[in-house]
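Asker: how does the following fold in three dimensions:
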Amino acid sequence: MGLEFDLDGNIIYRGEKVGNFRQEDGRSVVRINLEYATDGEEPLGPIVWLAHGLAQLPENQPSDASLVFESEQEDLEAPISGPALLVEKQIKIKGHNWVFHKADTDFWPSALHGHEYSYNLKIDALTGDIYNATSRKLVGKIKGQRLAELHLKLRESKDFSDRVAQLIDGNINQ
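Answerer: Prediction:
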């Protein structure tokens, strides 16, 4: 059962009011208070999709960088030693080396994404969309066989097989 709307601006889910919508000062305002329960599943999937939707709103778009500063290792007073990141999986596709981290703390552009540090890119492993990591602008896309190849390589990884099953395989059946 999906969301329903009434003439008073109420949003109804499963027979209960879960929010409202209205026009105010030339803006559309939506307020949602929604509680749901799952049968033993983690809530990460639905939360990630909600966060992804909210990230698409214009007010959540980052502004363009007004200053970009690049430095080299030699510029540091004390060289950085030791691994800076825990990399669980590196996947090469079309000349790009995508790095996936199991314990990645950011969920942009999705809960399953990779970094291409040489070109400052991020790839959404769910959709194949490729973004500039600084501006967050869509700059490319892999699809078809290339996206299937990415999914397969992540599926074969012990660190990512569960997330692939939840976030990718789960979406195919919906």
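Asker: enumerate the positions of the longest strand belonging to the chain that are buried.
Answerer: Longest strand in the chain by number of residues (criterion: DSSP state E): strand 16-24. Buried residues in strand 16-24, counting neighbours by 16 or more other C-beta atoms under 10 Å, are found at 18-20. Glycine gets a C-beta too; all of them are placed from N, C-alpha and C.
Asker: now for that strand, which elements pack on it?
Answerer: Other elements packing on strand 16-24 under the criterion 3 or more C-beta pairs under 8 Å, 6 or more residues apart in numbering; DSSP states H and E are strand 10-13, strand 27-32.
Asker: for those, which one sits closest to Phe160?
Answerer: strand 27-32 (31.0 Å; C-beta to C-beta).
Asker: just to revisit the earlier point, so which of the helices and strands packed on strand 16-24 is the most surrounded?
Answerer: Ranked by mean neighbour count, the helices and strands packed on strand 16-24 are led by strand 10-13 with a mean of 16 (mean count of other C-beta atoms under 10 Å).
Asker: can I get the helices and strands packed on strand 16-24 in JSON lines including mean pLDDT and distance to Leu112?
Answerer: Conversion of the helices and strands packed on strand 16-24 to JSON lines gives the following (pLDDT from 0 to 100; distance: least, C-beta to C-beta, whole Å):
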{"stretch": "strand 10-13", "mean pLDDT": "84", "distance to Leu112": "27"}
{"stretch": "strand 27-32", "mean pLDDT": "83", "distance to Leu112": "25"}
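Asker: so which of those comes closest to Ala165?
Answerer: Where the helices and strands packed on strand 16-24 are weighed against each other on C-beta to C-beta, the nearest is strand 10-13, at 27.0 Å.
Asker: strand partners (parallel or antiparallel) of that closest one?
Answerer: strand 3-5 (antiparallel), strand 16-24 (antiparallel) (DSSP bridges).
Asker: how about residues contacting that strand?
Answerer: Residues from elsewhere that reach strand 10-13 (C-beta atoms under 8 Å, 6 or more residues apart in numbering): 1, 3-6, 17-21, 30, 32, 34.
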